[in-house]
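Trainee: Give me a 3D structure for the following:
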Amino acid sequence: MKKLLYIGNELESRGGASTSIDRLAPLFRKEGFQVKTASTRKNQFFRLLDMQQSLLENRSWADLVLIDVYSTRNFWYAVVTAKLCKILELDYIPILHGGDLPLRLKKNPKLSAELFNNAKLNIAPSKYLYEVFQQAGFTNLKYIPNSIFLKDYSFKIRRDLKPKVLWVRAFAEIYNPMLAIKVLEELLKEYPGAELCMVGPEKDESYKECFNYAESKKLPVKFTGKLTKQEWTELSKDYDIFLNTTNVDNTPVSLIEAMALGLPIVSTNVGGIPYLLKDQENGLLVPYNSKSAMVEAISTLLENPDLAENISQNARNQAEKFDWARVKEDWKEILLSE
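Mentor: Okay, the predicted model is just below:
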């Protein structure tokens, strides 16, 4: 079986949100692949060094290198890693994650061309990024979606909704968590019983901003911090609407999970999200950073039980396409090829 060296940001073991490498590496091992990973280092400079050291130490062991590619600062990890792979004559496969990768292609065209054209293959977990890269002239592409274990998500049909809203994401500025609190504040004017639960680890100052604002306004917001998947999916049974406020995104696993649970989703229509959610069919889409549009969408769900029920059921049906039992066959086809 192939030996895989997986380079990415292993955040979960140090209290961060689960990333692609955290999820995929154990799954590949269960399928019989030998997998080594890097890096769990918190300091970004030492993380980069650890990644390169891992490449050098395993250059004779690894059959293939997988590289998680993000669009912001972590993009440079991928660039440096790919350059070293080329020097060491190691085949590598970038896995495209960053919601702002289209912008990165425009800002750094030469580096992007070198990184992605020299790859054995580029894996796009969303049809959005697949199309963006295709339009940019890249042909060595394969769409393999993010996956879940469907059996881990207990489906609950939602029909007669209460204004109980759930938000699940890392507290980071690009995910615009403050918008969720502003939406609740507005929602309370029409629905005094409205409440919000925010689940996720603290990534930047946005957590303190959200917490302090909710406290100062005495808003009914519950901050749970980071929860395990089992903990937050169990918690979700007490909520009827899933809110996604992000300004930049690809195809977040949290949305696929919410769909599997049957939670009607109100989301911004940025990045790859319209490729996952169809407005009025399996979710409601609104412009980014629009408090009024989000409040109106939530009100629409609360006042239209038939619509809520249809969205809930359609979302579950869509989520079934992302079950690991299906997705793993695509991965095995790629990883086992010569």
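Trainee: Just want the most central residue of the chain.
Mentor: residue 252 (2.7 Å; C-alpha atoms, centre = their mean).
Trainee: The residue of the chain positioned farthest from its centre: what secondary structure?
Mentor: The C-alpha centroid of the chain is most remote from residue 60, which lies 32.6 Å away (C-alpha atoms, centre = their mean). Assigned by DSSP: H, G, I helix; E, B strand; the rest coil, the conformation of residue 60 is coil.
Trainee: what residues go with each domain of the protein?
Mentor: Per automatic domain parsing, the structural domains of the chain span 3-146+324-335, 150-321.
Trainee: now these in JSON lines, with mean pLDDT?
Mentor: Converted to JSON lines, the domains of the chain look like this (pLDDT from 0 to 100):
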{"stretch": "domain 3-146+324-335", "mean pLDDT": "95"}
{"stretch": "domain 150-321", "mean pLDDT": "97"}
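Trainee: distance of the residue farthest from the centre of the chain from residue 23?
Mentor: Residue 60 sits at a distance of 28 Å from residue 23 (criterion: C-beta to C-beta, to the nearest Å). The C-beta positions use only the backbone N, C-alpha and C, and glycine is treated the same way.
Trainee: wait, what's in contact with residue 58?
Mentor: Residue 58 sits next to 5, 36 when contact means C-beta atoms under 8 Å, 6 or more residues apart in numbering.
Trainee: Assess the claim that residue 257 and residue 148 are in contact.
Mentor: Yes. Between residue 257 and residue 148 there is a contact at 6.0 Å, judged by C-beta atoms under 8 Å.
Trainee: Now the common contact residues for these two.
Mentor: Residues touching both residue 257 and residue 148 by C-beta under 8 Å, 6+ apart: residue 319.
Trainee: circling back to that earlier point, where's the residue nearest to the centre of the chain relative to residue 24, distance?
Mentor: With distances taken as C-beta to C-beta, residue 252 is found 15 Å from residue 24.
Trainee: cool, and residue 228?
Mentor: For residue 228 relative to residue 24 (C-beta to C-beta), the value is 18 Å.
Trainee: Show me which of the two is the more surrounded one.
Mentor: More crowded of residue 228 and residue 24, by other C-beta atoms under 10 Å: residue 24, with 23 against 10.
Trainee: Spatially nearest residue to that one (excluding sequence neighbours)?
Mentor: residue 6 (7.3 Å; C-beta to C-beta, 6 or more residues apart in numbering).
Trainee: swap in residue 61?
Mentor: Among residues not flanking residue 61 along the chain, residue 3 sits closest, at 5.7 Å (C-beta to C-beta, 6+ apart).
Trainee: List the residues that contact that neighbour.
Mentor: Residues near residue 3 by C-beta under 8 Å, 6+ apart: 33, 34, 35, 36, 61, 62, 63, 64.
Trainee: Residue 68: neighbouring residues, count only.
Mentor: Using other C-beta under 10 Å, residue 68 has 23 neighbouring residues.
Trainee: Repeat that for residue 182.
Mentor: 19.
Trainee: cool, and the one 10 residues further on?
Mentor: When neighbours are defined as other C-beta under 10 Å, residue 192 has 9 of them.
Trainee: so how far is residue 44 from residue 51?
Mentor: Per C-beta to C-beta, residue 51 is found 11 Å from residue 44.
Trainee: Could you pull up the contacting residues of residue 84?
Mentor: 52, 55, 56 are the contacts of residue 84 under C-beta under 8 Å, 6+ apart.
Trainee: For those residues, give me TSV that also has distance to residue 189.
Mentor: Listed next are the contacts of residue 84 as TSV, based on distance: C-beta to C-beta, whole Å:
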residue	distance to residue 189
52	54
55	56
56	60
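Trainee: Now list the buried members of the residues you listed.
Mentor: Using 16 or more other C-beta atoms under 10 Å as the burial test, these include 52, 55 as buried.
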